[in-house]
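**Q** only geometry, no sequence info:
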């Protein structure tokens, strides 16, 4: 049975309120900014999974769900993601340890890549019900890039994802300019 916070999250995002959803149940937002973002959602609670997946897909994101930190690591090693939404309290491997392991994977990928490769850093956004400043700081100190308190609202999710989109555009531009300068060099 969902707890009060989960019911509120579901009600906020599944009701027909004009703040979040149109009558058809889709988000009122230009989805093109987020279209195609690959998101790894590491969340053990099925209600939270469904709600977050629905929000992300309505924004045009592709969502892969991992039910614990160990599954998140496996998915991360096998796929390329634009962002990771990481629940902190999960079975098998918690979000803190999974985030550290993802950063280690990125480091090893960067050192084995070619010299023209750009640093590989995927934003990891902590998901937790704890809203204390100390907990937020602990997440940020633990190599995570941002923080969302559950239940989160659409506008909070959009703000966090906007940073991911901006980073993706910046990285693509840097890759293009590196490739252009390399191809225009005299031989």
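**A** Happy to help now that I have it. Model, not experiment: these values are computed from the prediction.

**Q** Going by C-alpha atoms from here, please, whenever you check contacts or count neighbours.
**A** Will do.

**Q** How about residue 91, nearest residue that isn't a chain neighbour?
**A** Nearest non-adjacent residue to residue 91, counting by CA to CA, 6 or more residues apart in numbering: residue 68, 5.8 Å away.

**Q** so where's the chain uncertain?
**A** Where the chain drops to pLDDT under 70, the residues are 1-31, 110-119, 167-187.

**Q** can you give me the strands for it?
**A** Using DSSP state E, the strands of the chain run over 38-42, 62-66, 83-87, 124-128, 146-149.

**Q** want to try JSON lines for those strands, with distance to residue 93 as columns?
**A** Shown next, in JSON lines, are the strands of the chain (distance: least, CA to CA, whole Å):
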{"stretch": "strand 38-42", "distance to residue 93": "11"}
{"stretch": "strand 62-66", "distance to residue 93": "11"}
{"stretch": "strand 83-87", "distance to residue 93": "11"}
{"stretch": "strand 124-128", "distance to residue 93": "14"}
{"stretch": "strand 146-149", "distance to residue 93": "19"}
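
**Q** Quick one: residues contacting the residue nearest to residue 91.
**A** Applying CA atoms under 8 Å, 6 or more residues apart in numbering, we find residue 68 in contact with 42, 43, 44, 90, 91, 92, 93, 94.

**Q** what's the neighbour count on the last one?
**A** Read that as residue 94. 17 (other CA atoms under 10 Å).

**Q** repeat for the fifth one
**A** Per other CA under 10 Å, the neighbour tally for residue 91 reads 13.

**Q** Phi, psi for it please.
**A** Dihedral angles of residue 91 (phi, psi; degrees, to the nearest 10) stand at phi -70, psi 170.

**Q** I figured it was touching residue 69, is that so?
**A** Yes - the pair residue 91 / residue 69 is scored as a contact, 7.4 Å apart, by CA atoms under 8 Å.

**Q** can you pull out the helices in this protein?
**A** 4-14, 46-58, 69-78, 95-112, 133-141, 154-183 (DSSP state H).

**Q** Tell me which residues of the third one come out buried.
**A** Residues of helix 69-78 classed as buried: 69, 70, 71, 72, 73, 75, 76 (neighbour count, 16 or more other CA atoms under 10 Å).

**Q** dump the residue contacts of the nearest residue to the second one once chain neighbours are set aside.
**A** Ranked by CA to CA, 6+ apart and with sequence neighbours excluded, the top spatial neighbour of residue 70 is residue 93, at 5.6 Å. Residue 93 is in contact with 68, 69, 70, counting by CA under 8 Å, 6+ apart.

**Q** For residue 93, give its distance to residue 68.
**A** According to CA to CA, to the nearest Å, residue 93 and residue 68 sit 6 Å apart.

**Q** One more: residue 98?
**A** Taking CA to CA, one finds residue 98 at 9 Å from residue 68.
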